[in-house]
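A.B. asks: sequence first, then the predicted structure, then my questions.
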Amino acid sequence: MSPAPRSRAWLPRPALAALVAALAAVAVIGAVAYRSLAARFAAAAAVSHTEDVEDHLHRFLSAMKDAETGQRGFLLTGTERYLDPYQLALGNIAAERVELRRLTLDNLTQQRRLEVVAPLVDAKLAELRQTIELRRAGDTAGALAVVQSDRGKRLLQLFSNVIANALAHGEAGSAIAVRVAGGSRDIVVEVGNRGAIPPERLATLFEPFRRELRPAARASSHGLGLGRFISRQIALAHGGDIEVASSAAAGTTVMIRLPRTGETTAEPATEAMIEATLERPGYPTTAGLAAPRAGGRGPG
């Protein structure tokens with residue numbers, strides 16, 4: 001009687017099936033563990049990136065304070081060595097602005113916020129530079145007058161008004177473009193957004209008490225139609241002006257032109273209106289520029 005043929009399989013089928021199942025389970029567990037570790041590393045990298053951005057923001061704000069500290073010391077003493085913090089801060093401010101823009105390339109919202117801040121920073125630095133030049137020229141009274149005129153506050157409100165209008169009335173989801181240029185005598189800040197202003201409204205855009213009667217505007221505590229008027233009066237009071245170009249194809253661009261030096265020349269009645277409007281509770285400031293609102297027209 002011949003012996004039964006031996007199976008060529010190195011494991012019985014049940015054992016082989018169990019081994020395959022075990023290997024598959026190990027592979028699944030390994031894949032899940034890898035994804036979990038990758039997610040943890042990504043979360044840690046995101047936290048580290050956020051902390052890096054915050055650190056550079058603090059450095060930027062510190063540099064701005066150092067610039068003003070140096071300016072005030074020089075105005076009080078007239079001694080050039082007090083400008084050392086100011087000179088050092090100028091380089092740090094420029095470097096931190098570049099670094100913050102690089103660090104936020106992956107975040108459109110933060111990029112837009114940097115665009116909003118840019119003209120405000122340029123205006124403040126221009127004010128510091130003007131007072132220093134006046135003090136060097138021996139015009140101490142003129143330099144102190146600039147400091148005491150609240151020029152920085154007024155210009156801050158001017159840019160806040162224009163940019164807030166662009167955010168509120170531009171096409172939903174579209175970017176706001178802020179560009180700064182200028183020569184030796186003046187600075188030009190352009191704020192552009194998608195959306196057009198009807199031609200019939202352009203002629204009266206900066207007249208007081210002109211506003212769109214939308215439900216949101218009626219409910220607003222600052223919806224008297226004075227924002228654009230106040231903005232232009234602030235620009236005129238500082239020797240500048242505001243122009244608007246708007247078309248369906250190109251969108252709307254508000255151009256703010258300001259001299260690098262100059263005195264406030266607002267009429268007393270206009271000055272009082274500006275001050276009363278800026279002090280009204282709820283009047284828009286840069287704190288309200290973070291989030292754009294839906295809309296379909298140019299600056300309102």
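C.D. replies: Great, that's in hand.
A.B. asks: report the contact partners of R179.
C.D. replies: With contacts taken as Cβ atoms under 8 Å, 6 or more residues apart in numbering, R179 has the following neighbours: V189, E190, G192. Every C-beta, even on glycine, is put in place using the N, C-alpha and C of the backbone.
A.B. asks: check which element follows whichever helix or strand L61 is part of along the chain.
C.D. replies: Secondary structure assignment for L61, by DSSP states H and E: helix 13-77. Under the assignment DSSP H and E, the closest C-terminal helix or strand after helix 13-77 is helix 84-103.
A.B. asks: count the residues that sit near the nearest residue to G73 once chain neighbours are set aside.
C.D. replies: Distance criterion Cβ to Cβ, 6 or more residues apart in numbering; nearest residue to G73, sequence neighbours excluded, is Y82 at 3.5 Å. Taking other Cβ atoms under 10 Å as the neighbour definition, Y82 ends up with a count of 17.
A.B. asks: quick one: Y82 from L125, how far?
C.D. replies: Counting by Cβ to Cβ, to the nearest Å, the gap from Y82 to L125 is 17 Å.
A.B. asks: dihedrals phi and psi, V244?
C.D. replies: Main-chain dihedrals, V244, degrees, to the nearest 10: phi -130, psi 130.
A.B. asks: for it, which non-adjacent residue is closest in space?
C.D. replies: Once its chain neighbours are removed from consideration, V244 has its nearest residue in V254; the separation is 5.4 Å (Cβ to Cβ, 6+ apart).
A.B. asks: output the contacting helices and strands for whichever strand or helix holds that neighbour.
C.D. replies: Assigned by DSSP H and E, V254 belongs to strand 251-259. Contact partners of strand 251-259 among helices and strands, from 3 or more Cβ pairs under 8 Å, 6 or more residues apart in numbering; DSSP states H and E: helix 108-136, helix 151-169, strand 186-193, helix 227-237, strand 241-247.
A.B. asks: what residues of the longest one count as buried?
C.D. replies: What it means is helix 108-136. Of the residues in helix 108-136, those buried under the neighbour-count criterion (16 or more other Cβ atoms under 10 Å) are 110, 112-132, 134-135.
A.B. asks: run through the residues that contact the nearest residue to M255 once chain neighbours are set aside.
C.D. replies: For M255, the nearest residue in space outside its immediate sequence neighbours is E243; the separation is 4.7 Å by Cβ to Cβ, 6+ apart. By Cβ under 8 Å, 6+ apart, E243 lies in contact with V254, M255, R257.
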